[in-house]
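Novice: Kindly return the folded structure for what I paste below:
(2 chains)
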2 protein chains.
Amino acid sequence: MGSHDPTRSLSARVRAGEPAAIARLLTRVENDDAVGREALENLLPDTGRAHLIGVTGPPGGGKSTLVNELIRHFRAEDRRVAVIAVDPSSPFSGGAALGDRIRMLEWHDDPNVFIRSMASRSFGGGLARTTLGAVAVLDAAGFDPIIIETVGTGQDEVAIAQLAHTTLLVQVPGMGDSIQTLKAGSLEVGDIIVVTKADRPESNDLARDLRRMQTLVTPEPGARIWQPPVIKTSAVTGEGMADLISAIQFHRTWLSETGELDQRRRQTAVSQLAEHLRYELLKQAADPSRSGLFPMMVDEILAKAITPQRAATLLLALLEHERQP
Amino acid sequence: MGSHDPTRSLSARVRAGEPAAIARLLTRVENDDAVGREALENLLPDTGRAHLIGVTGPPGGGKSTLVNELIRHFRAEDRRVAVIAVDPSSPFSGGAALGDRIRMLEWHDDPNVFIRSMASRSFGGGLARTTLGAVAVLDAAGFDPIIIETVGTGQDEVAIAQLAHTTLLVQVPGMGDSIQTLKAGSLEVGDIIVVTKADRPESNDLARDLRRMQTLVTPEPGARIWQPPVIKTSAVTGEGMADLISAIQFHRTWLSETGELDQRRRQTAVSQLAEHLRYELLKQAADPSRSGLFPMMVDEILAKAITPQRAATLLLALLEHERQP
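Specialist: Numbering: from 1, shown residues only, chains lettered A, B, ... in the order given. A predicted model of the protein is given here:
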C-alpha cells in the first residue's frame, strides 16, 4: 500500500539515503509544495540526531576550502557529511553554485557526501525556513554532521548561530585594518574562531588581535561560560585541522554536559515556528484573493489607524483568547 | 494637561525636531519600552511622508563616503536629512559607530542632519523592527529624505530593499574577480547601481560588466519595468553625483506615477506586521513565566509531535476561526 503512495515512497527513499530522492525532496521543500510538506511530516521522527556545524565569515575568507578540509576529515572517520551552502545574495541561482560545483565534482562519486547550494531569493527572507527544512531532510537521511556554510556578514550570521550547535567564525588575515575586521566580525556568534591561511605571517597578528578582542566581550548574564578558542588553520600546510576537529568534538560534549544543547534545540524550535508563522502570514497577505485578518490589519496600518506593533499585539491577544475554554 | 504627560511631550518635542528628544525616543524604540511604544502611536499620523533611500553593498565599498556626498547635496537643497546606519554585525555597539562618529562630527552643528548608528544584536533579528521604528520617528520629526545605510551582503539587503523606496546598490572596482562581484551583488535589489571610485580606471570595466549582467536578469512576471541605471561616482572628482541625484528624483517620480509607491508601501506594512508578530512571539516564547499557545507549540515541536510548518498553519487557522461570528 505504502509503496503506491508517492509521498511515502519519497520519504522512505530519503530515509534510505538515496541522493536523487534527497535532491528532489530538497527542491520540494524549497518550493514549499504539498508533497514536500507531507514528506517532512513523515520524516519528523528521524530528525534531531545530527550535529549541526555552522561555518560563517566574510566572503573570500577561505570558508569553502575549510569546509572541504572538514569533509575530508569526517570522511576519514567514515561519517556521512552533508553541506548546505547558503548564498542568499546571489541573484543568479547558478552563479553562486560555481564553487560548490567544483567541490561537488570532487565528492561526486562519494554517496556519503551531499552538498547542496541554496540561493534564497524567496520573498520575505525565507532563508531560515528553507535551511531548516533542508537540515531536517538531511538529518533524516542519516547525515551527521551537517555543515551549514553561509557567506554572511549580518543577520545571516546570527540566524545561523541560532540554527547550528557549533558555529565556526572564519576570519582571514590581510582583509584590511582591524576596524574592518571588527565590523565584519560578529565575534560573539562564533563558538570557535578559525583564522584561515595560517601559512601567511599576518595570521599571527590577526589571531593575537582576536584573542585580545575576546577579552572585551562581556558575556551575557546567565550565559554558560564557553571561551571560544582561536584556532589557526592552513589548507596548504594542514596546520590546525586536527585541533579544529578536536575543538568541534569538545564543544559538542560541552553542549551535552551543560544542558546547553537542549537550550539551543529549544531556541531552534522557537525560531522555526516564528519563521514559519512569518512565512505563512506573508503568503496570506500577498494573496489578493484572500480576505483574512492579516490583510485587514495591513489595510489598517496603511491607513495609519494602527501601529504595526499594536496590530501584532492584537493578533496575538486574539490567539490567546481563542484557547480559553 | 498634555504638557504634564511625559509621553506626549516627548512626541511633541520629536515632532518639533529637537535632536535630544529624537535621540531619546530612538533609544526607547530600540529597547521597545512602553513610553517608546506610546510615543510611536502618537506620532503615527505624522509618518509616511519621507522618501526612504536605501544604500547597500559590500563592506569597504565607499558607502559612507557616498552617503556623506548625498547629505551634502540634499543640504544644498535645504532639505533635512536623516541617516540610519545599520550595522548588524558589530558585536560592539561602539565599534561600528567609529565611521559615523567622524561623519557626525562633520554635521554636528547642523540640526537639519541627524545620523544614527544602529548595531542590532537583539535576539530574533530585531533589525527590521528597530529600523522601521527609527524610520517612523525620523519621518515624524520632519526629515526627508531618510537614508538607510547597511553593511550588507545577504538578507539585510533584501530587507532594506523592502523598506526603502529607492535602493542604491553600491559596487566598488577592484574587489576581486567578477564571480566575487556576482556573489556580493544582489543586482536585483538595486533601483540604481552606483559604481564608486570612478576616478580609478577599473571602474569602467566594472560598470560595463554590471550593465552586461543586467541583461541576464529576467524581470519577474508582472513587474513594472524599471531599468536600473548604472552610475559612476567619485568622491574625489565629484563625477556622477549630479546624475545620481537626478536618478533618485526620477525614480521617486516613476514610483508615484506608476502606482509602484503604493505597492511598496503595502509591502512595507506587511513586512512590519510580520516582523512585529515574529518579535512578539519570540518574546513570549522566551518568557518562562508565561504559559501560552506559542510556548505550548514549541514543546510539541521539540517532542517531534508536530512540524513547525503545521504548527504555524494551526496557529493561523485558530486566528481565522476567531473572526467568524
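
Novice: so how many other residues sit close to A:Pro295?
Specialist: Each residue near A:Pro295 was counted by other Cβ atoms under 10 Å in any protein chain shown, and the total is 19. For every residue, glycine as well, the C-beta is placed using N, CA and C.

Novice: er, A:Asp199 actually
Specialist: There are 15 residues near A:Asp199, going by other Cβ under 10 Å.

Novice: now A:Gln214
Specialist: Residues lying near A:Gln214 (other Cβ under 10 Å) number 16.

Novice: For it, report the pLDDT, please.
Specialist: A:Gln214 is assigned 73 on the pLDDT scale.

Novice: same deal with A:Thr130?
Specialist: pLDDT, A:Thr130: 82.

Novice: And A:Lys183, by the same measure?
Specialist: On the pLDDT scale, A:Lys183 gets 42.

Novice: Same question for A:Arg278.
Specialist: Value for A:Arg278, per-residue pLDDT: 78.

Novice: and if you look at the one 3 residues further on?
Specialist: The confidence metric pLDDT takes the value 76 at A:Leu281.

Novice: Remind me what the longest helix anywhere in chain A packs against, helices and strands.
Specialist: In chain A, taking DSSP state H as the definition, the longest helix is helix A:260-286. Using 3 or more Cβ pairs under 8 Å, 6 or more residues apart in numbering or on different chains; DSSP states H and E, the elements in contact with helix A:260-286 are helix A:127-140, helix A:155-163, helix A:241-258, helix A:293-302, helix B:260-286, helix B:293-302, helix B:308-322.

Novice: Tell me what angle the fifth one forms with helix A:308-322.
Specialist: Pointing back at helix B:260-286 there. 50 degrees (axes from the mean of the first three to the mean of the last three Cα atoms, to 10 degrees).

Novice: Ok, the third one next?
Specialist: Computed by the same axes, to 10 degrees, the angle separating helix A:241-258 from helix A:308-322 equals 50 degrees.

Novice: Pull the residues that contact helix A:241-258.
Specialist: Applying Cβ atoms under 8 Å, 6 or more residues apart in numbering or on different chains, the contact partners of helix A:241-258 are A:51, A:53, A:69-70, A:73, A:165-166, A:168, A:191-192, A:194, A:224, A:226, A:229, A:231, A:233, A:260-261, A:264.

Novice: what about stretch A:128-145, distance to the chain center?
Specialist: 9 Å (Cα atoms, centre = their mean, to the nearest Å).

Novice: So, low pLDDT: which residues of chain A?
Specialist: Counting by pLDDT under 70, the ranges of chain A that qualify are A:1-8, A:59, A:87-104, A:119-127, A:151-162, A:175-188, A:216-224, A:285-291, A:319-325.

Novice: now the strands for the stretch 1-150 of chain A?
Specialist: Per DSSP state E, counting those that start in this stretch, the stretch 1-150 of chain A carries strands over the ranges A:52-57, A:81-86, A:113-118, A:146-151.

Novice: just so I know, which of those lies nearest chain B?
Specialist: Between chain B and the strands of the stretch 1-150 of chain A, the shortest separation by Cβ to the nearest Cβ is 6.4 Å, and it involves strand A:146-151.

Novice: Please compute how far that closest one lies from its chain's middle.
Specialist: Relative to its chain's centre, strand A:146-151 lies at 6 Å (Cα atoms, centre = their mean).

Novice: Which secondary structure elements does it sit against?
Specialist: Strand A:146-151 packs on strand A:52-57, helix A:63-76, strand A:81-86, helix A:127-140, helix A:155-163, going by 3+ Cβ pairs under 8 Å, 6+ apart.

Novice: thinking again about what came up before, and the contacts of helix A:241-258, which are buried?
Specialist: Buried by 16 or more other Cβ atoms under 10 Å in any protein chain shown: A:51, A:53, A:69-70, A:73, A:165-166, A:168, A:191-192, A:194, A:229, A:231, A:233, A:260-261, A:264, out of those.

Novice: Columns distance to B:Asp144 on top of the helices and strands packed on strand A:146-151, output as a markdown table?
Specialist: Below are the helices and strands packed on strand A:146-151 laid out as a markdown table (distance: least, Cβ to Cβ, whole Å):
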| stretch | distance to B:Asp144 |
| --- | --- |
| strand A:52-57 | 37 |
| helix A:63-76 | 41 |
| strand A:81-86 | 37 |
| helix A:127-140 | 32 |
| helix A:155-163 | 27 |
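
Novice: List the residues that contact A:Glu280.
Specialist: Counted by Cβ under 8 Å, 6+ apart, A:Glu280 has contacts B:Ala312, B:Thr313, B:Leu316.

Novice: roughly how far apart are A:Glu202 and A:Val172?
Specialist: Between A:Glu202 and A:Val172 the computed distance is 9 Å (Cβ to Cβ, to the nearest Å).

Novice: Between these two, tell me which one has more neighbours.
Specialist: A:Val172 (23 against 13).

Novice: pretty sure the more buried one contacts A:Ile193?
Specialist: No - at 11.6 Å, A:Val172 does not count as touching A:Ile193 under the criterion of Cβ atoms under 8 Å.

Novice: tell me the SS of A:Asp199?
Specialist: coil (DSSP: H, G, I helix; E, B strand; the rest coil).

Novice: Over to it: give its phi and psi.
Specialist: phi -70, psi -20 (degrees, to the nearest 10).

Novice: was I right about it contacting A:Thr233?
Specialist: No - the pair A:Asp199 / A:Thr233 is not scored as a contact, 9.7 Å apart, by Cβ under 8 Å.

Novice: shared neighbours, these two?
Specialist: Jointly contacting A:Asp199 and A:Thr233 under the rule Cβ under 8 Å, 6+ apart are A:Glu239.

Novice: Excluding chain neighbours, what is closest to A:Ala235?
Specialist: Nearest non-adjacent residue to A:Ala235, counting by Cβ to Cβ, 6 or more residues apart in numbering or on different chains: A:Thr65, 4.6 Å away.
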